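Peer 1: Build me a structure from this.
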Amino acid sequence: MSVALLERITVEPKSTATACVIWLHGLGDSGAGFAPVVPVLGLPQDHSIRFIFPHAPEQPVTINQGYVMRSWYDIKSMDLDGRADMAGVLESEISVRALIKEQIDAGIPANRIVLAGFSQGGVVSLFTGLRYAEKLAGIMALSCYLPSSDKLPSELSENNKATPILQHHGDQDDVVPVSAGKMAHDVLKAGGYNTQWKTYAMPHSVLPEQLKDIAQWLSSRLT
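Peer 2: Model (predicted):
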């Protein structure tokens, strides 16, 4: 069964792309929300990383009075247990896997692809990366949580057991509590995953200082 590819913003490197970052936005945002970070990252001028910023489909979101907005899955409650509608998470996983396959078909191997995401997008990137059959270059999970709450997802991929995971969170986050991100980190650590955790003095957002750390991490994975 073919899957319709998500609309997206693509930022190409100056040279031929040999690596790719697929970066998912948060609830109510779009790919345009994070696309401007590419020049700010300060990557080497000759880097060969393609950045893809897909747009989530539009759908009603229960906690926002059913308003239709870009969302990777419905959120029915602010409680961590059951916050993520798993049927929607699984649908988004299929869409993200289709993006990965598109890049592999274009000549970029899975182990040169990083899955990244912020908030809802981070949830989907983390979930998809942990379950993806081929080894990825890395998983970046910003200000997010595990959709399975205090346990690892089912059908985990052994090939991504050692894949580096970067987890960032704001210690003043009033949308996704830092405790939810820390719980995900602790669950991953207990499961033997190679995850790195750092908090920043910020709310539910991204800081310039944090982007420098992200750039260093991406460079170590892809350049």
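Peer 1: Any idea how many residues pack against residue 201?
Peer 2: Residue crowding around residue 201 was assessed by other Cβ atoms under 10 Å; the count is 9. For glycine as for every other residue, the C-beta is placed from the backbone atoms N, C-alpha and C.
Peer 1: and the helix ranked longest in the chain, which residues are buried?
Peer 2: Assignment by DSSP state H gives helix 86-105 as the longest helix of the chain. Counting neighbours by 16 or more other Cβ atoms under 10 Å, one finds that the buried residues in helix 86-105 are 88, 89, 91, 92, 93, 95, 96, 99, 100, 102, 103.
Peer 1: The third one touches residue 73, doesn't it?
Peer 2: Yes: taking contact to mean Cβ atoms under 8 Å, the distance of 7.5 Å between residue 91 and residue 73 places them in contact.
Peer 1: any residues in contact with both of the two?
Peer 2: Between them, residue 91 and residue 73 share no contacting residue under Cβ atoms under 8 Å, 6 or more residues apart in numbering.
Peer 1: Which strand or helix spans the residue nearest to residue 12 when sequence neighbours are not counted?
Peer 2: In space, and not counting its chain neighbours, residue 12 is closest to residue 50: 5.7 Å by Cβ to Cβ, 6 or more residues apart in numbering. Assigned by DSSP states H and E, residue 50 belongs to strand 49-54.
Peer 1: Grab the CA positions of that strand and hand them over as PDB.
Peer 2: Only the C-alpha atoms of strand 49-54 are listed here, as PDB (Å, rounded to 0.1, in the frame of the first residue of the first chain):
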ATOM      1  CA  ILE A  49      23.000  17.600   5.300                       C
ATOM      2  CA  ARG A  50      19.500  17.900   3.700                       C
ATOM      3  CA  PHE A  51      16.900  19.200   6.200                       C
ATOM      4  CA  ILE A  52      13.300  18.200   5.800                       C
ATOM      5  CA  PHE A  53      10.500  19.900   7.800                       C
ATOM      6  CA  PRO A  54       7.200  18.100   7.100                       C
END
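Peer 1: sorry, back to before: and the buried residues of helix 86-105, which is closest to residue 42?
Peer 2: Residue 42 lies nearest to residue 103 out of the buried residues of helix 86-105, by Cβ to Cβ, at 23.6 Å.
Peer 1: Wait, the closest one touches residue 113, no?
Peer 2: Yes: counting by Cβ under 8 Å, residue 103 touches residue 113, with 5.9 Å between them.
Peer 1: what packs against the helix or strand where residue 216 lies?
Peer 2: In the assignment (DSSP H and E), residue 216 maps to helix 208-222. Contact analysis of helix 208-222 by 3 or more Cβ pairs under 8 Å, 6 or more residues apart in numbering; DSSP states H and E lists strand 19-24, helix 37-40, strand 113-118, strand 138-142, strand 165-170, strand 195-200 as its packing neighbours.
Peer 1: Packing partners of the second one?
Peer 2: In terms of contacts (3+ Cβ pairs under 8 Å, 6+ apart), helix 37-40 is packed against helix 208-222.
Peer 1: CA atoms of the helix it packs on as PDB?
Peer 2: Output of helix 208-222 as PDB, limited to C-alpha atoms (Å, rounded to 0.1, in the frame of the first residue of the first chain):
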ATOM      1  CA  PRO A 208      20.000  29.900  20.900                       C
ATOM      2  CA  GLU A 209      22.400  28.200  23.400                       C
ATOM      3  CA  GLN A 210      20.500  24.900  22.800                       C
ATOM      4  CA  LEU A 211      20.800  25.300  19.000                       C
ATOM      5  CA  LYS A 212      24.600  25.400  19.400                       C
ATOM      6  CA  ASP A 213      24.400  22.100  21.400                       C
ATOM      7  CA  ILE A 214      22.200  20.600  18.700                       C
ATOM      8  CA  ALA A 215      24.600  21.700  15.900                       C
ATOM      9  CA  GLN A 216      27.500  20.000  17.700                       C
ATOM     10  CA  TRP A 217      25.500  16.800  18.200                       C
ATOM     11  CA  LEU A 218      24.300  16.800  14.500                       C
ATOM     12  CA  SER A 219      27.900  17.400  13.300                       C
ATOM     13  CA  SER A 220      29.200  14.500  15.400                       C
ATOM     14  CA  ARG A 221      26.500  12.200  13.800                       C
ATOM     15  CA  LEU A 222      26.400  13.400  10.200                       C
END
